[in-house]
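Undergrad: Fold the stuff below for me.
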Amino acid sequence: MEITLADLLTGVRERKALLGIVETAERTEAMQNNGRRRSPEKRAMLARIDERSRAAGVEPMGRTDGQVN
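TA: Got it, this is the predicted structure:
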């Protein structure tokens with residue numbers, strides 16, 4: 001059986017509706033990882049990724065809102 005992404009998303013939306021989960025900008029923002037609980041190891045890894053991106057002449061994809069990677 002093949003399941004397309006569209007089929008998967010339809011099922012997810014239907015389950016959310018059954019559970020009463022309403023998608024709002026505030027809910028999405030609250031669920032996003034802001035980095036406050038990030039481990040020192042992960043912070044170091046993300047810093048290395050940013051350094052490698054800059055060395056390759058590519059702007060890192062990190063956050064631009066002042067949050068810590």
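Undergrad: need the helix or strand of the protein with the lowest average pLDDT.
TA: helix 25-31 (a mean of 82; mean pLDDT, DSSP states H and E).
Undergrad: how far away is residue 51 from residue 21?
TA: As judged by CB to CB, to the nearest Å, residue 51 and residue 21 stand 39 Å apart. Backbone N, C-alpha and C define where each C-beta goes, glycine included.
Undergrad: Excluding chain neighbours, give the residue nearest to residue 59 in space.
TA: If the residues on either side of it in the chain are set aside, residue 59 comes closest to residue 53, at 7.0 Å by CB to CB, 6 or more residues apart in numbering.
Undergrad: if I read this right, the one you found contacts residue 60, doesn't it?
TA: Yes. Shown here, residue 53 and residue 60 form a contact pair, counting by CB atoms under 8 Å, at 4.3 Å.
Undergrad: so what sits against both of the two?
TA: Taking CB atoms under 8 Å, 6 or more residues apart in numbering as the criterion, residue 53 and residue 60 do not both touch any residue.
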